[in-house]
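A.B. asks: Next input, structure requested:
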Amino acid sequence: MVLHRVRNARQRLSAALLLAALAVLIAACSTSGASPQEATPRPSATPEPTHTPVPTVPSEAGTCDIRPGTECPGVDFRGVDMGAMGKFAMGSAGRDAADLTGANLSGADFTGAKLKSVDFTGADLQGAIFRDADLEGAAFFQADLRDADFTGANLNNADLEETELEGAIFCNATMPNGTKNTEGC
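C.D. replies: As a prediction, this is how the structure comes out:
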């Protein structure tokens, strides 16, 4: 019987101490203007997203729509960024490159443009200017590149299979196999 009274006394004392501690905590929070939940901030298990927008491929350049089969001979694409932005560099974001399959871009000026992985499959690029352009991984499969100027361009891993290359200039260009071309300079 005595043991039972001691246990009850301990339980009442523990409950009283707990209530007193809670009252002190509530009083401290009410004087600082913070709620009990705000008193002890918890670190977030996952970091907050930065909401940095992923750059998108422009829908047009000059008066030319950037899409498959577009008709834009002679358009000025100097410095335009239509290339892919890899997911490794942008976290889970990123973007795909422009699709210009079957487009008529003869005589277009792509000087200094970023065209990484752009798809030019079957495009008419006769006389186009790609000076100092980044064309890494670009697809030119069955494209017409006659008289195109690739001076100083990066064509590393580009697909030039079954292309028309008569009269094309590759002075100081990095070729698909990674070598530097110095012919015709």
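
A.B. asks: wait, residue 82 sits on residue 97?
C.D. replies: Yes. The pair residue 82 / residue 97 is scored as a contact, 6.4 Å apart, by Cβ atoms under 8 Å. From N, CA and C alone the C-beta is placed, and that goes for glycine too.

A.B. asks: Endpoints of stretch 70-83, how far apart?
C.D. replies: In stretch 70-83, first residue to last residue: 17 Å (Cα to Cα, to the nearest Å).

A.B. asks: What are the contacting residues of it?
C.D. replies: For stretch 70-83, contacts defined as Cβ atoms under 8 Å, 6 or more residues apart in numbering pick out 55, 57-58, 61-66, 97-98, 100, 103-118, 124, 134, 136.

A.B. asks: Among the residues you listed, filter down to the buried ones and hand me the PyMOL syntax, if you would.
C.D. replies: To isolate the buried members of these in PyMOL, using 16 or more other Cβ atoms under 10 Å:
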select buried, resi 57+61+64+66+97+98+100+103+104+105+106+107+108+109+110+111+112+113+114+115+116+117+118+124+134+136
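
A.B. asks: where along this structure do the strands fall?
C.D. replies: In the chain, the segments counted as strands under DSSP state E are 60-61, 64-65.

A.B. asks: rank those strands by pLDDT, which is bottom?
C.D. replies: For these, mean pLDDT drops lowest on strand 60-61, to a mean of 60.

A.B. asks: Keeping just the C-alphas, turn stretch 98-109 into PDB.
C.D. replies: Extracted C-alpha coordinates of stretch 98-109, given in PDB (Å, rounded to 0.1, in the frame of the first residue of the first chain):
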ATOM      1  CA  ALA A  98      16.000  23.100 -81.300                       C
ATOM      2  CA  ASP A  99      14.500  20.900 -84.000                       C
ATOM      3  CA  LEU A 100      15.200  22.300 -87.500                       C
ATOM      4  CA  THR A 101      14.700  19.100 -89.400                       C
ATOM      5  CA  GLY A 102      13.900  19.700 -93.100                       C
ATOM      6  CA  ALA A 103      14.200  23.500 -92.700                       C
ATOM      7  CA  ASN A 104      15.300  25.800 -95.500                       C
ATOM      8  CA  LEU A 105      18.000  27.900 -93.900                       C
ATOM      9  CA  SER A 106      20.200  28.400 -97.000                       C
ATOM     10  CA  GLY A 107      22.500  31.400 -96.500                       C
ATOM     11  CA  ALA A 108      21.500  31.800 -92.800                       C
ATOM     12  CA  ASP A 109      24.100  33.400 -90.500                       C
END
